[in-house]
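Please find the sequence and the predicted model below.
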Amino acid sequence: MTMTDPIADMLTRLRNASAAKHETVEMPYSKFKANIAQILKREGYIKDFAAKEARVGQTLEVTLKYGPHGEQSIQGIKRISKPGLRRYAKSDSLPMPLGGLGIAIISTSSGLLTQKECLDRGIGGEIVAFVW
């Protein structure tokens, strides 16, 4: 069975694994998902990620991060632009999740960036997801 929205699947796997307090979560690999994981690692929402060989293709293994008392680093994660309804933002109207406490992952012509990086560069793009 084919998947219509693999990015939403990735975000759901991260949300569910974090809620269940799993150490790692695996999903099918793609460059786009690896770029999302790179942003999450850089912003401090996950510990690490790695591409691993599977029987067919590759898998992306994400190591989740928790606080000293088991608090989730990812409190919430939401897919914004979907295959049925794409959401775009100009450089002067970029979203600020939770008033700037969260991040918006934006797909631009320069690759995947956070809303803060987009503001610095003065570019807009497709709003992929919010993470807080």
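The structure has been received and is ready for your questions.

show me the contacts for Arg13.
By CB atoms under 8 Å, 6 or more residues apart in numbering, the residues touching Arg13 are 25, 27. For glycine as for every other residue, the C-beta is placed from the backbone atoms N, C-alpha and C.

roughly how far apart are it and Ile74?
Arg13 sits 11 Å away from Ile74, going by CB to CB, to the nearest Å.

which residues in the chain form helices?
If DSSP state H is used as the criterion, the helices of the chain fall at 6-19, 31-42, 115-121.

As JSON lines, the ones you listed with distance to Ile127 and mean pLDDT would be great.
Putting the helices of the chain into JSON lines (distance: least, CB to CB, whole Å; pLDDT from 0 to 100) gives the following:
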{"stretch": "helix 6-19", "distance to Ile127": "12", "mean pLDDT": "97"}
{"stretch": "helix 31-42", "distance to Ile127": "13", "mean pLDDT": "98"}
{"stretch": "helix 115-121", "distance to Ile127": "9", "mean pLDDT": "96"}
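
could those helices be laid out in TSV, adding distance to Gly100?
Written out in TSV, the entries for those read as follows (distance: least, CB to CB, whole Å):
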stretch	distance to Gly100
helix 6-19	21
helix 31-42	16
helix 115-121	8
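
I'd like to know which of those is closest to Gln58.
Distances from Gln58 to each of these were compared by CB to CB, and the smallest falls on helix 31-42, at 9.6 Å.

Pull the residues that contact the closest one.
6-7, 10, 27, 46-49, 51, 60, 62, 74, 103, 105, 111-114, 128-129, 131.

Output the below-cut-off pLDDT ranges for the chain.
Within the chain, the stretches falling below the threshold (pLDDT under 70) are 1-2.

Go ahead and flag the most central residue of it.
The residue lying closest to the centre of the chain (CA atoms, centre = their mean) is Ile36, at 4.4 Å.

Can you pull the domain assignment for the protein?
Each domain of the chain is listed here as a residue range: 6-64, 77-131, per the TED database.

now those in JSON lines, with distance to Gly70?
Output for those, formatted as JSON lines (distance: least, CB to CB, whole Å):
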{"stretch": "domain 6-64", "distance to Gly70": "7"}
{"stretch": "domain 77-131", "distance to Gly70": "18"}
